[in-house]
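**Q** 3D, please:
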Amino acid sequence: MTREPLHEVGLVVNGVPRTAEVPARTLLSDFLRHELGLFGTHVGCEQGVCGACTVSIGGKLVRSCITFAVQVQGEEVRTVEGLANGEELHPIQESFRRCHGLQCGFCTPGFLMATEALLAENSDPSDSEIRDFLSGNVCRCTGYVGIVAAVKDAACRARGAEGDAQ
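**A** Predicted coordinates:
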């Protein structure tokens, strides 16, 4: 049996330059989890449908389970681990905690990353805009009520209001 050739992949993950050698067919989700030890990016459907593996590459949301690691050579990748400041939760994470925007938590990393992207585009989204933007992420536990409330709360806090969007 011939061993697959390895390719060096160098990128910046959450502000830190990282490099590893992997086979060309290594998915970005596997690269992040198994090569870099960043387990916040979850793999759900492995088809790019559920959104649990969502990361930001160069400021754009990407499904890491259908992206090869070699495709992001030299790019800036932000994962859910890049949201918090040490032990201090990011305001979006805090809003999800406050508003019960999670239950089992499996889908939460993807929702957090998508919420950050949404609020970067629209600082005061309506419920329907939130639901539309997050429609590419699947949660099997919550019914989305807490998630929408969490996004509204995070948007409110980002605008400087202490509001309770629940």
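**Q** which residues sit against the one helix or strand residue 77 maps to?
**A** Assignment of secondary structure by DSSP states H and E places residue 77 within strand 76-78. Applying CB atoms under 8 Å, 6 or more residues apart in numbering, the contact partners of strand 76-78 are 11, 12, 13, 14, 28, 32, 55, 56, 57, 58, 113. Bear in mind the C-beta positions are built from the backbone N, C-alpha and C, glycine included.
**Q** restricted to strands, list those residues.
**A** Here DSSP state E is the test, and these give 11, 12, 13, 55, 56, 57 as lying in strands.
**Q** tell me, how many residues neighbour the first one?
**A** It stands for residue 11. By the criterion of other CB atoms under 10 Å, residue 11 has 21 neighbours.
**Q** the third one too?
**A** The burial count assigned to residue 13 is 20, neighbours taken as other CB under 10 Å.
**Q** stretch 83-100: which residues count as buried?
**A** 83, 84, 90, 91, 92, 93, 94, 95, 96, 98, 99 (16 or more other CB atoms under 10 Å).
**Q** what's the answer for stretch 115-124, then?
**A** 115, 116, 117, 118, 119.
**Q** mind checking how far it is from the chain centre?
**A** 14 Å (CA atoms, centre = their mean, to the nearest Å).
**Q** ok, residues contacting it?
**A** 56, 61, 83, 90, 92, 96, 125, 129-130, 133-134, 150-151, 154-155, 158-159.
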